[in-house]
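K.L.:
here's a sequence, model it:
(one chain, ligands or ions: 1)
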Amino acid sequence: MNRYPNKMKIKEYRTQFIQELTSIYDAGEAESFFYLILEEKKQLKRIDLALRPELDFSEEEIVVWNSILEQLKKEIPIQYLLGKTSFYGLDFEVNESVLIPRPETEELVDWILSTNRIIQESNPETSGLKILDIGTGSGCIAISLAKNIPSSQVYAIDVSERALATANKNAELNNVNVTFINQNILETQDLKQQFDIIVSNPPYVRNLEKEEIKKNVLDNEPHLALFVEDNDALIFYRKIAELAQKNLSEKGQLFFEINQYLGKEMIDLLEKMNFKKIELRKDIYGNDRMISCHCEERSNRI
Ligand code: GLN
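P.N.:
Presented below is the predicted three-dimensional model:
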């Protein structure tokens, strides 16, 4: 008796899988999901399937794939289904307690790293930077900075214990040392140390922008990491900037990811607080997305 009466050629399953998803996703995206799962579950790439058209799925595999398919139909993000994603060329574990790292945030990391490179070149004895990431979530910012500035000491705060557990695993996975701290930044009076870089991608989506947010984000990603009240959208930025006034080293630099509609408001906030060298940057989509500033007018190191 055949124990696997329903085994099926992977190529045939692929056609069916993509077809079932095309009412929700475009065909290219559905196809990319198929290959991401294939790589994760069977360590097979597109080329393997082309070279070995006889490959098939067992009945058990079909059960697993069908369940993933059902969840994709419900628009659960593929990153949560696979439990991982990549950010700045590194692997990160993700789950519903952390935001899925975004490409815009990679641009922020890139800005920090290129600033650091310029400083290092003009001032080679600069080392041992102290970096603080506030609202670290999966740890993507803190960990990619620690990985790319090996001489730095990196600290990361989050209010969510579950997020920190994930961030901790990610630090291990990427072989870096980050000190994680469970703390509510809105209730923090003092950061207790001086930092050369303070960075944050805090919650910044206003309730009034909920309509713009995709269903897969709204239904699955942690609202704690996303939303702020319409009447006080910059609450985290104000608090973090206040802490930075006390706890940013003399030549230190503050970096934020921001709400694309609040670039001007962010400049106003930082100017009023007497920050200098304020620079607003756009992301690859042309939206105001990140801002940086210093405490001092003249700074020749971070
Ligand atoms: N950029 C994220 C989004 O569009 C929001 C991130 C945040 O609130 N910090 O969903």
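K.L.:
gap between the longest strand seen in the chain and the chain center?
P.N.:
Longest strand of the chain, by residue count under DSSP state E: strand 248-257. Relative to the chain's own centre, strand 248-257 is displaced by 20 Å; criterion: C-alpha atoms, centre = their mean, to the nearest Å.
K.L.:
adjust the sequence numbering to begin at 438 for everything that follows.
P.N.:
From this message on, residue numbering opens at 438, which makes the last subject strand 685-694.
K.L.:
name the strands paired with it and say parallel or antiparallel.
P.N.:
Strands that pair with strand 685-694, judged by DSSP bridges, come out as strand 632-637 (parallel), strand 725-731 (antiparallel).
K.L.:
distance of E648 relative to V642?
P.N.:
As judged by C-beta to C-beta, to the nearest Å, E648 and V642 stand 11 Å apart. Heads up, the C-betas are built off the backbone N, CA and C, glycines and all.
K.L.:
and the stretch 538-687 of the chain, which of its residues are near the ligand?
P.N.:
Applying C-beta under 6 Å from any ligand atom, we find that the stretch 538-687 of the chain lies next to the ligand at R539, N638, P639, P640, Y641, V642, V654, L663.
K.L.:
which of these fall in strands?
P.N.:
Secondary structure assignment by DSSP E places V642 of those in strands.
K.L.:
picking that back up, pick the most buried one from the strands paired with strand 685-694.
P.N.:
The highest average neighbour count among those, using mean count of other C-beta atoms under 10 Å, belongs to strand 632-637 at a mean of 24.
K.L.:
quick one: mean pLDDT for that strand?
P.N.:
Averaged over strand 632-637, pLDDT sits at 97.
K.L.:
residue contacts, the residue nearest in space to the middle of the chain?
P.N.:
The C-alpha lying nearest the average C-alpha coordinate of the chain belongs to P538 (C-alpha atoms, centre = their mean; 2.1 Å). Going by C-beta atoms under 8 Å, 6 or more residues apart in numbering, P538 touches T522, F524, F529, V531, G574, S575, C577.
K.L.:
out of E648 and V642, which sits in the busier spot?
P.N.:
V642 (19 against 7; other C-beta atoms under 10 Å).
K.L.:
dig out what the more buried one forms beta bridges with.
P.N.:
Beta bridges link V642 to F664, judged by DSSP bridges.
K.L.:
wouldn't it be in contact with A662 here?
P.N.:
No - using C-beta atoms under 8 Å, V642 makes no contact with A662, being 9.5 Å away.
K.L.:
same for the lowest-mean-pLDDT helix or strand in the chain, what does it pack against?
P.N.:
Comparing helices and strands within the chain by mean pLDDT, DSSP states H and E singles out helix 540-559 as the least confident, with a mean of 90. Where contact means 3 or more C-beta pairs under 8 Å, 6 or more residues apart in numbering; DSSP states H and E, helix 540-559 is packed against helix 577-585, strand 632-637, strand 685-694, strand 725-731.
K.L.:
could you tell me the angle between that helix and helix 577-585?
P.N.:
30 degrees (axes from the mean of the first three to the mean of the last three C-alpha atoms, to 10 degrees).
K.L.:
what strands flank the following helix or strand past helix 540-559, and is each parallel or antiparallel?
P.N.:
Using DSSP states H and E, the helix or strand that follows helix 540-559 in sequence is strand 567-571. Here strand 567-571 is paired, per DSSP bridges, with strand 590-595 (parallel), strand 632-637 (parallel).
K.L.:
which stretches of this structure form helices?
P.N.:
Listed in chain order, the helices of the chain (DSSP state H) span 447-458, 464-479, 483-488, 496-510, 515-519, 540-559, 577-585, 598-610, 652-657, 660-663, 672-684, 700-709.
K.L.:
pick the most buried one from those helices.
P.N.:
Mean neighbour counts were taken over these using mean count of other C-beta under 10 Å, and the top value, a mean of 25, falls to helix 577-585.
K.L.:
mean confidence for that helix?
P.N.:
97.
K.L.:
gap between that helix and the chain center?
P.N.:
Relative to the centre of its chain, helix 577-585 is centred 11 Å away, using C-alpha atoms, centre = their mean.
K.L.:
cool, stretch 507-515 as well?
P.N.:
Counting by C-alpha atoms, centre = their mean, stretch 507-515 comes out at 20 Å from the chain centroid.
K.L.:
any stretches of the stretch 488-637 of the chain with poor pLDDT?
P.N.:
Scanning the stretch 488-637 of the chain for pLDDT under 70 picks out 561-563.
K.L.:
can you rerun that using 80?
P.N.:
For the stretch 488-637 of the chain, the stretches flagged by pLDDT under 80 are 555-564.
K.L.:
from N657, how far out is the residue in it that the ligand sits nearest to?
P.N.:
With C-beta to the nearest ligand atom, the shortest gap between the stretch 488-637 of the chain and the ligand falls at R539, namely 5.1 Å. R539 sits 14 Å away from N657, going by C-beta to C-beta.
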